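Student: starting from these lines, generate the structure:
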Amino acid sequence: MSLLDMFLVRATVAAIEPLTPRMRRIRVIGDSLRGVDWQPGQHVRVRVDDVRLRSYSIWDFSGGGQLDLCVFDHPRAGPGARWSRHVRAEQPVAFTRPTGRLVLRNHAPYHLFVGDETAAAAFGAMLRALPTDARAQAIIEIGSPADRLPLPRPRDLQWTHRAKTGGIVAALRELDLPSEPGVAYVAGEARDCQAIRRHLIVERGWAHSCVIVKPFWTSGKRGLD
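Tutor: Have a look, this model is predicted:
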């Protein structure tokens, strides 16, 4: 047993369900999940073969021994994509405990979620966890209408198509935001995340500390599938 094995949570795949044509919900169960701490927005790193780990957002976690992962099927068949395509119910699975700084700041005057399809799973968990009276807006870029995940609807949820001129930053620039900064949760493709962060800080005057960025992938870079 390796040192890594000593720190992995072990469970069993219970079910696989397509949420969109390119997004799978993989449900895992096990007594080892009971009592595991989790904050909405966090991810786990799944062992997808003998040597590799891949990060997947937690869609839902009951705390009673059941955890749902959302896995986006990137076109390039890397180790993570191959695992998600071929995993079946009743197979064992091992992963790290939930981690990540993409979590809610409940003290914020309002919450802004900006990202692409790969961010939608984390955003869904965070939106469900918001208090009912919280002010929230979201803008998510997708390749086609079929990529829409079933998300809780904040006051303003916009889906923008990738083919739109100017991309997600142009759509964000048109968004009517309150005059005072809130907290922005930005996730998805790395270069888009940088552009969104720059827009909020330079054009909108937000403080660096109010923009939480989590790049999930970079076009053409291996190891982020």
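
Student: so where do the helices sit in this structure?
Tutor: 79-86, 117-129, 167-173, 190-198 (DSSP state H).

Student: taking those together, which one is wrapped up most tightly?
Tutor: When you average the neighbours per residue for each of the helices of the chain (mean count of other Cβ atoms under 10 Å), helix 117-129 leads with a mean of 24. Backbone N, C-alpha and C define where each C-beta goes, glycine included.

Student: mind giving me the packing neighbours of that helix?
Tutor: strand 23-29, strand 53-61, strand 66-72, strand 111-116, strand 136-142, strand 183-189, strand 211-217 (3 or more Cβ pairs under 8 Å, 6 or more residues apart in numbering; DSSP states H and E).

Student: the last one pairs with which strands, parallel or anti?
Tutor: Applying DSSP bridges to the sheet, strand 211-217 is found paired with strand 183-189 (parallel).

Student: circling back to that earlier point, reformat the helices and strands packed on helix 117-129 into TSV and put distance to residue 41 and mean neighbour count next to each item.
Tutor: Shown next, in TSV, are the helices and strands packed on helix 117-129 (distance: least, Cβ to Cβ, whole Å; neighbours: other Cβ atoms under 10 Å):
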stretch	distance to residue 41	mean neighbour count
strand 23-29	17	20
strand 53-61	8	21
strand 66-72	12	23
strand 111-116	10	26
strand 136-142	13	23
strand 183-189	7	24
strand 211-217	8	20
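
Student: for residue 89, which of the ones you listed is the nearest?
Tutor: Of all these, it is strand 23-29 that lies closest to residue 89, at 8.7 Å by Cβ to Cβ.

Student: centre of the chain to that closest one, how far?
Tutor: 14 Å (Cα atoms, centre = their mean, to the nearest Å).

Student: same check, this time on stretch 113-131
Tutor: Distance, centroid of stretch 113-131 to centroid of chain: 6 Å (Cα atoms, centre = their mean).

Student: and what of stretch 48-60?
Tutor: 13 Å.

Student: avg pLDDT for that stretch?
Tutor: In this model, stretch 48-60 has an average pLDDT of 93.

Student: output it as PDB - backbone C-alpha positions only.
Tutor: Output in PDB follows, covering the C-alpha atoms of stretch 48-60 (Å, rounded to 0.1, in the frame of the first residue of the first chain):
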ATOM      1  CA  VAL A  48      -8.800   6.900 -12.200                       C
ATOM      2  CA  ASP A  49      -5.900   4.400 -12.700                       C
ATOM      3  CA  ASP A  50      -2.900   3.100 -10.900                       C
ATOM      4  CA  VAL A  51      -1.000   6.400 -10.800                       C
ATOM      5  CA  ARG A  52      -3.400   9.200 -11.700                       C
ATOM      6  CA  LEU A  53      -5.900  11.300  -9.900                       C
ATOM      7  CA  ARG A  54      -8.500  13.600 -11.500                       C
ATOM      8  CA  SER A  55     -10.600  16.300  -9.800                       C
ATOM      9  CA  TYR A  56     -14.400  16.200 -10.000                       C
ATOM     10  CA  SER A  57     -16.900  18.600  -8.500                       C
ATOM     11  CA  ILE A  58     -19.400  17.300  -5.900                       C
ATOM     12  CA  TRP A  59     -22.900  17.700  -7.200                       C
ATOM     13  CA  ASP A  60     -24.500  16.600  -3.900                       C
END
